[in-house]
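Visitor: Just a sequence and a predicted model for now, questions to come.
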Amino acid sequence: MSNFLTYVQEHQNRFLEELFSLIRIPSISADSTYIPEMQKAATAVQEALTKAGCTHTELCPTEGFPIVYGEKIIDATLPTVLVYGHYDVQPPDPLDLWDNDPFDPVVKKTALHPDGAIFARGACDDKGQMFMHIKALEVMEQNGGLPCNIKFMIEGEEEVGSDNLEHFVRANTEKLANDVILISDTGMLANDLPSITTGLRGMSYVEVEVTGPNRDLHSGLYGGAVANPINILTQMIASLHDENNHITIPGFYDKVAELSTSEREEMGKIPFSLDAYKKALDIAAVYGEKGYTTNERKSIRPSLDVNGIWGGYTGEGAKTVIASKAYAKISMRLVPDQRSEEITTLFTKHFTALAPEGVKVKITPHHGGEAYVMHADGMEFQAASKAYMETFGIAPLPVRDGGSIPIVALFEETLDSKTILMGFGLDSDAIHSPNEHFGVFNFLKGIETIPHFYHHFTGLFQANR
């Protein structure tokens, strides 16, 4: 296995160029304008899987974008690892805040990335991290071969809620049968302090529409006499938190799983600098639910945030109107044992009741998913920990993450297998934001580390049979 590092070093420039070619495809799943690019990206991933060593690949059609499937089965008596990732990316807007074309990757050195970081949309989320697994397959194939069976399921709708993935998984349980699911769509604490994500928050995502008069009105003729949907919407949104930043939706916290004092104390041992956190975000103070630390607020506690709000005139200059409609997109991050459908129902009931008689409210649920927690004593975590030890020289810390990968809970329910989250990004990588980036060190270290996981998991699996 010592050959892994040598091979990565010898081929790192090619690995980067191949990743850049994939990143240059603007596979934006949220925008129908990019449907041809989505198909092009799926085909590129399929070709990369074949080139790396998969003996069978296919583009599996869905009602939306295709799922790329690949496999190499070497021995039915050996364990099977299923790799999940996605080839779609977030829209790059606002473009004026990017320092370079978001789909023309450039490598720049930064304080956190002295070896350089890849600046581009999808560099970290998730093309860079997904592509590590394809290159890890090549590394194993060229250095002794696979120690177990491998399958890939790379989808194109993660950034828009994975609407068609559940149907695909339920309809293909035999094809996707595995002994562990491996995902790199999370991060780690620092380049010299690796970590493994052991928990994810769930999600309920809705869009709200508030309608007042049947047309835009002159604010001079009607101002003060007709309910202004934008004013009303902002008041309704503001009421969703109280003075302690506690969410005011009745029943919202009824099923929230509370961590014990000892569990919270263990979380408190994870290295964290509040001053560095504020400095990195250029904020004077943190904000959140009273009674909880910053790390707790963003991982083990639920949240509610407005992701976008619009209505009326927003162009250059002035236009004095009372808009007929106002809109907002709202996401709620959930924790065990909250259920996304139940929270969506509670939100809908409460938000509708907040509206005064002068307006009408429409709520459209978009997507959701459940929280996920894994235990650090399973052989999945043990194998990953051993892999990190070999490449980083230090044992990874188990951490709870505030992000959501809704399909993880679905995988456990449907495929009856555990998921290990081996992310190599950093919190500072600006995913979903302008100037998203991914360290060259992180990309190459992921390619080096992943093969070790396969070998350690195979050994533990066989020892526990």
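Guide: Now that the structure is in, tell me what you want to look at. Numbering: from 1, shown residues only.

Visitor: tell me the secondary structure for the residue lying closest to Ile249 once chain neighbours are set aside?
Guide: Leaving aside its sequence neighbours, Ile249 sits nearest to His350 (C-beta to C-beta, 6 or more residues apart in numbering; 4.7 Å). From N, CA and C alone the C-beta is placed, and that goes for glycine too. Following DSSP: H, G, I helix; E, B strand; the rest coil, His350 is assigned to helix.

Visitor: burial measure for His350, as a count.
Guide: Neighbour count for His350, taken as other C-beta atoms under 10 Å: 18.

Visitor: next one: the one 10 residues further on
Guide: Here the neighbour count serves as a burial measure; for Lys360 (other C-beta under 10 Å) it reads 13.

Visitor: any idea of the pLDDT on Met1?
Guide: Looking at Met1, its pLDDT stands at 49.

Visitor: Quick check: Gly308 touching Ala326?
Guide: No - in terms of C-beta atoms under 8 Å, Gly308 does not count as a neighbour of Ala326; the distance is 11.6 Å.

Visitor: Surely Pro434 and Gln90 touch.
Guide: No - using C-beta under 8 Å, Pro434 is not in contact with Gln90; the gap is 10.7 Å.

Visitor: The two - which one has more neighbours?
Guide: Neighbour totals were compared for Pro434 and Gln90, and Gln90 leads with 19 against 16 (other C-beta under 10 Å).

Visitor: tell me the contacts of the more buried one?
Guide: Neighbouring residues of Gln90 by C-beta atoms under 8 Å, 6 or more residues apart in numbering: 28, 30, 121, 125, 159, 431-432.

Visitor: same question, Pro229
Guide: 210-212, 311, 322-326, 359.

Visitor: Recalculate using a threshold of 10 Å.
Guide: Listed by C-beta atoms under 10 Å, 6 or more residues apart in numbering, the contact partners of Pro229 are 209-213, 311-312, 322-327, 355, 358-361.

Visitor: residues of stretch 425-444 that come out buried?
Guide: Within stretch 425-444, the residues scored as buried using 16 or more other C-beta atoms under 10 Å are 425-432, 434-444.

Visitor: just how off-centre is the longest helix along the chain within its chain?
Guide: For the chain, the longest helix by residue count, based on DSSP state H, is helix 440-463. Its chain's C-alpha centre and that of helix 440-463 lie 21 Å apart, by C-alpha atoms, centre = their mean, to the nearest Å.

Visitor: counting contacts, what elements does that helix pack onto?
Guide: Contacting helix 440-463 under the criterion 3 or more C-beta pairs under 10 Å, 6 or more residues apart in numbering; DSSP states H and E are the following elements: helix 3-23, strand 80-86, strand 117-119, helix 127-141, strand 149-155, strand 180-183, helix 379-392, strand 437-439.

Visitor: how about those, which one is nearest Leu217?
Guide: Closest approach to Leu217 among those is made by strand 80-86 (44.1 Å; C-beta to C-beta).

Visitor: Run through the neighbouring helices and strands of whatever helix or strand comes next after the closest one.
Guide: Next helix or strand after strand 80-86 toward the C-terminus (DSSP states H and E): strand 106-108. Using 3+ C-beta pairs under 10 Å, 6+ apart, the elements in contact with strand 106-108 are helix 3-23, strand 117-119, strand 437-439.

Visitor: Buried residues of stretch 181-196, list them for me.
Guide: 181-189, 191, 194-196.

Visitor: on that earlier part again, anything in contact with each of Pro434 and Gln90?
Guide: Common contact partners of Pro434 and Gln90 (C-beta under 10 Å, 6+ apart): 102, 121.

Visitor: how far does stretch 43-55 sit from the chain's center?
Guide: 24 Å.

Visitor: Output that stretch as CSV, nothing but the C-alphas.
Guide: In CSV, the C-alpha atoms belonging to stretch 43-55 read as follows (Å, rounded to 0.1, in the frame of the first residue of the first chain):
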residue,chain,number,x,y,z
THR,A,43,-21.2,11.1,-19.9
ALA,A,44,-17.8,12.4,-18.8
VAL,A,45,-18.2,10.7,-15.4
GLN,A,46,-19.2,7.5,-17.1
GLU,A,47,-16.1,7.6,-19.3
ALA,A,48,-13.9,8.4,-16.3
LEU,A,49,-15.2,5.4,-14.4
THR,A,50,-14.5,3.1,-17.4
LYS,A,51,-11.0,4.5,-17.8
ALA,A,52,-10.3,4.1,-14.1
GLY,A,53,-11.2,0.4,-14.1
CYS,A,54,-14.9,-0.3,-13.9
THR,A,55,-15.8,-3.3,-16.0
